[in-house]
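>>> Here you go, sequence then predicted model.
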Amino acid sequence: MKNKRFYKIMVSVFMIFFLTGSLASAQYPDKNITLIVPFAAGGTTDINARIFAAMLEKKLDVSVVVKNVGGAGGTIGAAEVAGAKSDGYTFGFLSVGPATMQPHIKRVPYNIDSWSFVANINNVPAVLMVKKSSPWNNFQEMLDDVKAHPKKYYYATSGSGNITHLTMLAFLKDFGLEVNRIPHRSSAEIMKEIAADRIHFYSDTPSALTTFDVKALAVYSAERFPLLKDVPTTKEFGHEIVYSVWQGVFAPKGVDVTKINVISEKIKEVVTSQEYLEAMRKVSTEPQYMNSKEFENFARAENDKYMKALKTSK
Amino acid sequence: MDYLTAIQMVFDPLTLLIMLLGVFVGVFIGALPGLGSVVGITVCLPFTFGMEPVTAIALLLSVYVGTVYGGSIAAVLINTPGTPQAAATAMEGYPMQQRGEGGSAIGWATIASVIGGTFSCLVLIIAAPQIAKFALRFGPIETFALIFLGLTCICSVSAGNLAKGLISGLIGLTLATIGSDPITGDLRFTFDIFSLSSGIELIPVIVGVFALSEVLVQISKNSDSTGSEIPKGTRIIFPTFKQLKEKWVVLLKSSAIGTGVGVLPGTGAATAAFMAYGEAQRSSKNSENFGKGEVDGIVAAESSNNAVTGGALIPTLSLGIPGDPVTAIMLATLTIHGVTPGVRLMQDNPETVYAIFLLLMVSNLFMPLAGIPITRVFFKVLQIPKTALLSGIVVLSLLGSLVARGNPFDLLVAGISGVVGYMMKRHGYPLAPLVIGLVLGAQFELSFRQSLLYMSGTPFFSYMFDHPLALILFSVAFTFLGAQLYSQRKTQKINRSK
């Protein structure tokens, strides 16, 4: 007898769980969301992701847990996103590198078709920087000097086939310059080498300009960048080079479109808010929202561009 | 004037309370294997968004200092270095604990940490701009020379059996070559295993080699002798002032090594600890006691790894160039709070810089306050049955390896390292060289190959004579090596004639 009653209770408990479970799932999202950041804690991408996650959390009423899965130029984390369950609770905060460059450099278990595209959030053009006290006052002076002294100067990259490398390759090729490359592992190391005059050029996002003793000679965008109005584009000197560092939210392929749109709408509220703009300006980043469709087109175009660039660089 | 403002900012009850809390959290996190400084700081990062800049830095700095020291507690008591930089401490601390002197081992570690931290803080206050300028002279070839010097300490830590030590060191260096080629980015030795493409992670190896291998040793012992033989202790025992005075040479030298290593980007506390440990053993009168519970080893490792904190802040504050990942996070935090770090920080926000000096000083002094109760708790935990303790260590170690970067593959790395470490122990191979090789390997290779890139086109000798600093470091390294080999041969001769 007792046993029977026990079963009854158990069954009803399960029923309640089951029912509330299915009811709740009607209101997606109803549990914590994991946001995978494919870089170590404390890096630029991580800081941006954490600021973003904290604001998204408020809009969603569920926690957005940032999980750092670093290593191998962000591909380990990206692979984890691509291989995650497509239930709409795991997303990746991926940037241009792991999403659209790395797959063309080495074998990784994902490609551009592995994703459900959610939204783009930030986008800043890369800039060409030199030491502030360098003798070149502008792009043209630098160009003349480097042309006259091939192989005299050095540039640094923070990794192979990443944005700091590809922009320099494109720049040197288009302008017909010869500059030696010294690979490094991080921007911090490179900033030290620039200060010590062992490295003369570096291309990266403008955030270094506010922090270090470096100045921008050119920006790699189609038009002048609003935050750096005085810096010319390379196009003004005859060669259009467009390279930007963007960050977007990705989900594994096969996530329900309605779920993607729910999240994308909430992301739009965050990214277009004044609060977010201010926070991003402090870290020299520009918010740029794209919805699922726009973002997919953009990412695919970027992917094609880097596929070509990396093929010719090899 | 700026100093007064700074004092007001630091000696605010809320800031002090947060720092005490931060040191506690830091020591606790540091004591858990795998959860190092970076994890500790990241956990606290979201809380800082709503704080004043100085309070935010107070929290991060105190957690930082706490984690670096906290790693030593678990290292001494259960041979599980909470952080890579505590690995050297485990090599001396754990034998002491087995002799029942765990409390005093932690006491020494605590005082050495405080002295190392304070020393580097003083250096930071007095000479930050000058040292930062000097640090700029460390280019690829100088870095290579320094790491070469660091690797020579493999010889001293493997005293007694040089061949086995070198084999162990080579294993470490070889492991460091797995992953992406630092120059071309091509994958090497990954055997198509995707998780290996970022190389072998340090934490699972350390956890495996030290903690898991020790568990295996205990289990294999248990089969022939029953009953727990873990010696009891209850609390931290601080060294007396007189004992401390006898160690001042080691303390000073190791603190200086730690500060120096901290200044250079791309090295870190683990490197400093091993370099100071190797140097202490090389110059010690009782170097044969190393590995069997020698206080000098603990003192060297702990004072140097805590001295890294101040050292790392030197380029961070005077050039805006972070010395390690932790200071990078601090810089980012400052930026979020609207304080722009960089070369102009000293001029634009002197009060913030002075406040950071004071914060570092105070966090160092708070260390014993957190160390005393947490050590007590750990000693209590040690009294649980041995089987439970051993399984607890296994769980914690594996958890730590997993958390380090969230990749389950690292569990496998930890497991294999554990078995390898056990085999090495059984056959008398020292473990320290393996870890030293792995810690220094990547930077060793990168700086060497960068130097080659700079050298191409210049005759070798003219390049070298353009870099006197590197020449000096190389000469010191070769002198050490020569002296080592000479004394090794002498002892061998004596042994043979016996």
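Sure, I can see it.

>>> now the strands for the stretch 101-250 of chain B?
Per DSSP state E, counting those that start in this stretch, the stretch 101-250 of chain B carries strands over the ranges B:179-180, B:187-188.

>>> For the first one, which strands pair with it and how are they oriented?
Using DSSP bridges, the strands paired with strand B:179-180 are strand B:187-188 (antiparallel).

>>> Could you give the separation of the partner strand from the chain centroid?
Centroid displacement of strand B:187-188 relative to its chain, using C-alpha atoms, centre = their mean, to the nearest Å, is 28 Å.

>>> before we move on, back to that, switch the strands of the stretch 101-250 of chain B over to CSV; also include mean pLDDT.
Written out in CSV, the entries for the strands of the stretch 101-250 of chain B read as follows (pLDDT from 0 to 100):
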stretch, mean pLDDT
strand B:179-180, 85
strand B:187-188, 86
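
>>> all helices of the stretch 51-200 of chain B, in order?
Secondary structure of the stretch 51-200 of chain B (DSSP state H, counting those that start in this stretch): helices located at B:53-78, B:87-98, B:102-135, B:140-151, B:153-157, B:162-176.

>>> Out of the ones you listed, the one nearest residue B:337 is which?
For the helices of the stretch 51-200 of chain B, distance to residue B:337 was read as C-beta to C-beta. The smallest value, 4.0 Å, belongs to helix B:53-78. The C-beta positions use only the backbone N, C-alpha and C, and glycine is treated the same way.

>>> Let me know the angle separating the closest one from helix B:102-135.
For helix B:53-78 against helix B:102-135, the angle by axes from the mean of the first three to the mean of the last three C-alpha atoms, to 10 degrees is 130 degrees.

>>> Please report the distance of the residue of the stretch 301-450 of chain B found nearest chain A from residue A:103.
Closest to chain A within the stretch 301-450 of chain B is residue B:329: 3.6 Å, counting by C-beta to the nearest C-beta. Counting by C-beta to C-beta, to the nearest Å, the gap between residue B:329 and residue A:103 amounts to 29 Å.

>>> neighbour count winner among those two?
When residue B:329 and residue A:103 are compared on other C-beta atoms under 10 Å in any protein chain shown, the one with more neighbours turns out to be residue B:329, at 26 against 21.

>>> Point me to the helix or strand that includes that one.
Secondary structure assigned from DSSP states H and E places residue B:329 in helix B:325-336.

>>> mean confidence score for that helix?
Per-region confidence: helix B:325-336 scores 76 on mean pLDDT.

>>> same thing with stretch B:107-127?
Confidence over stretch B:107-127 (mean pLDDT, whole number) is 92.

>>> list the buried ones in it?
Of the residues in stretch B:107-127, those buried by neighbour count under the rule 16 or more other C-beta atoms under 10 Å in any protein chain shown are B:107-121, B:123-124.

>>> how about residue A:254, secondary structure?
At residue A:254, secondary structure determined by DSSP: H, G, I helix; E, B strand; the rest coil is coil.

>>> need the contact list for the residue nearest to it when sequence neighbours are not counted.
Of all residues beyond its chain neighbours, the one nearest residue A:254 is residue A:86 (4.0 Å), with distances taken as C-beta to C-beta, 6 or more residues apart in numbering or on different chains. For residue A:86, the residues meeting the contact criterion (C-beta atoms under 8 Å, 6 or more residues apart in numbering or on different chains) are A:116, A:251, A:252, A:253, A:254, A:255.

>>> wait, which of these is closest to residue B:177?
Using C-beta to C-beta, these come closest to residue B:177 at residue A:252, 32.9 Å.

>>> Would you check that the closest one makes contact with residue A:87?
No. Under the contact definition of C-beta atoms under 8 Å, residue A:252 does not touch residue A:87, with a separation of 9.1 Å.

>>> The two - which one has more neighbours?
More crowded of residue A:252 and residue A:87, by other C-beta under 10 Å: residue A:252, with 21 against 16.

>>> nearest residue to residue A:94 other than its sequence neighbours?
Closest to residue A:94 by C-beta to C-beta, 6+ apart is residue A:250, at 5.1 Å.

>>> how near is that neighbour to chain B?
Relative to chain B, residue A:250 is positioned 17 Å away (criterion: C-beta to the nearest C-beta, to the nearest Å).

>>> Quick check: that residue touching residue A:120?
No. In terms of C-beta under 8 Å, residue A:250 does not count as a neighbour of residue A:120; the distance is 10.0 Å.

>>> Let me know the angle separating the helix or strand that contains residue B:356 from helix B:87-98.
Secondary structure from DSSP H and E places residue B:356 in helix B:350-382. Angle of helix B:350-382 versus helix B:87-98, following the same axes, to 10 degrees, is 40 degrees.
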